[in-house]
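predicted coordinates and the sequence they were generated for:
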Number of protein chains: 2
Amino acid sequence: MAREHDLKAAGLKATLPRMKVLHLFHKSKVRHMTAEDVYRLLMDEGLDVGLATIYRVLTQFEQAGILKRHHFEGGKSIFELSEGERHDHIVCVNTGQIVEFHDPEIVRRIESIVREHGFELVDHVLHIRALAPTGGVERGTAAPARHTGPTATRRAR
Amino acid sequence: MAREHDLKAAGLKATLPRMKVLHLFHKSKVRHMTAEDVYRLLMDEGLDVGLATIYRVLTQFEQAGILKRHHFEGGKSIFELSEGERHDHIVCVNTGQIVEFHDPEIVRRIESIVREHGFELVDHVLHIRALAPTGGVERGTAAPARHTGPTATRRAR
DNA sequence: GTGCGTGCAAATAATTTGCACTTCA
DNA sequence: TGAAGTGCAAATTATTTGCACGCAC
């Protein structure tokens, strides 16, 4: 993996925790993870890392443009690889399921609106809160959506 | 003030703190406030209220549909009266200045996108991060937006 | 070698909650 | 009066930071 190069390019030493986190995001089929998710997954891999380090690494990656941070509901930050096309998200308020989409028309409207107000566009945050297709079970988890981890560990705290 | 009625309608007793908070939002020219903002303003008015009560009241008002809660940058929740037309926001990343707008085309696209994915629309969150017109004022000034604005605390250095 | 990075624990920041005391209906 | 509401302090939750030690370069 030329991943090590990504780190160097960002001016970051290629340390074990950083390599592991980067690799996790690349190999995992789950694109969106919280710091806690990353922590647990690496622990499960047998890596003895501290949660504080995970937070530090994630923040550094965000600043380096490697990851993107989102604030969907639930208070926790959710990270995803920032590769590929810019996109927004549909988030199921029940299951936490996330779908990505890209809509050029919305982007055009946003640019237009900003211009009309004399502002200079920096960025935008758009997430659609919705209910996933009621394919059957859905009513049962009354709790506000937690984003579903790789191993959907349903814990009550 | 028929405000008292609003509370009753929401099944809430018309207590002093609640009346004061409600009144504050109605009379203030500043539409967007944090719990801290509300707390300070009421304290300044000479009302001896606890911050915890402010949080409780704001949350109750949100659930009653009287207020709307936003999570712009800065970690703190920002509340605004939920009266009038549904709208989204442009937020200046420097000053924290907030501009409201409504764009039917974007709303249409959102409905369309959700439908295409088989989801049921609940809501959407859209805020545009931008730079206010550099008309000269920009340094250490938040025009009519807010005094010690919640969002003005981030970058504004 | 040495300075950046890390682990751990303690510190923060925003918001919530337990509890005894007020206040509204 | 009695339940709903409030103030205060302690508790939570998510994330950050100080420090002594360890690892990449």
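All right, it came through fine.

helices and strands around the lowest-mean-pLDDT helix or strand in chain A, which ones?
Lowest on mean pLDDT, DSSP states H and E among the helices and strands of chain A sits helix A:3-9, with a mean of 83. Using 3 or more CB pairs under 8 Å, 6 or more residues apart in numbering or on different chains; DSSP states H and E, the elements in contact with helix A:3-9 are helix A:16-27. The C-beta positions use only the backbone N, C-alpha and C, and glycine is treated the same way.

picking up where we left off before, show residues contacting the least confident helix or strand of chain A.
Residues outside helix A:3-9 that contact it (CB atoms under 8 Å, 6 or more residues apart in numbering or on different chains) are A:13-14, A:18-19, A:22-23, A:26, A:66.

mind listing what the residue nearest to the spatial centre of chain A touches?
The C-alpha lying nearest the average C-alpha coordinate of chain A belongs to residue A:79 (CA atoms, centre = their mean; 2.5 Å). Residue A:79 makes contact with A:25, A:32-35, A:38, A:58, A:61-62, A:67-70, according to CB under 8 Å, 6+ apart.

nearest residue to it in space, ignoring adjacent ones along the chain?
residue A:67 (4.7 Å; CB to CB, 6 or more residues apart in numbering or on different chains).

and the one you found, bridged to which residues?
residue A:81 (DSSP bridges).

OK, contacts around it?
The neighbours of residue A:67, taking CB under 8 Å, 6+ apart as the test, are A:25, A:58, A:61, A:79-82.

do residue A:11 as well
Residue A:11 makes contact with residue A:64, according to CB under 8 Å, 6+ apart.

is it in a helix, a strand, or coil?
The local conformation at residue A:11, judged by DSSP: H, G, I helix; E, B strand; the rest coil, is coil.

residue A:125 too?
Secondary structure for residue A:125, judged by three-state DSSP, is strand.

for chain A, give me the ranges with low pLDDT.
A:1-2, A:135-157 (pLDDT under 70).

quick one: the residue nearest to residue A:79 and residue A:24, what's the gap?
Distance, residue A:67 to residue A:24, by CB to CB, to the nearest Å: 11 Å.

what does chain A put close to DNA strand C?
Neighbours of DNA strand C within chain A, by CB under 7 Å from any atom of the strand: A:12-13, A:15-18, A:48-50, A:52-53, A:56-57.

repeat that for 10 Å
A:7-8, A:10-21, A:39, A:42-43, A:47-57, A:60, A:75 (CB under 10 Å from any atom of the strand).

tally of neighbours for residue A:73?
As a burial measure, residue A:73 scores 17 neighbours (other CB atoms under 10 Å in any protein chain shown).

check residue A:116 too.
Around residue A:116 there are 10 other residues, counting by other CB under 10 Å.

what about the residue nearest to the centre of chain A, which helix or strand?
Element membership of residue A:79, judged by DSSP states H and E, is strand A:78-81.
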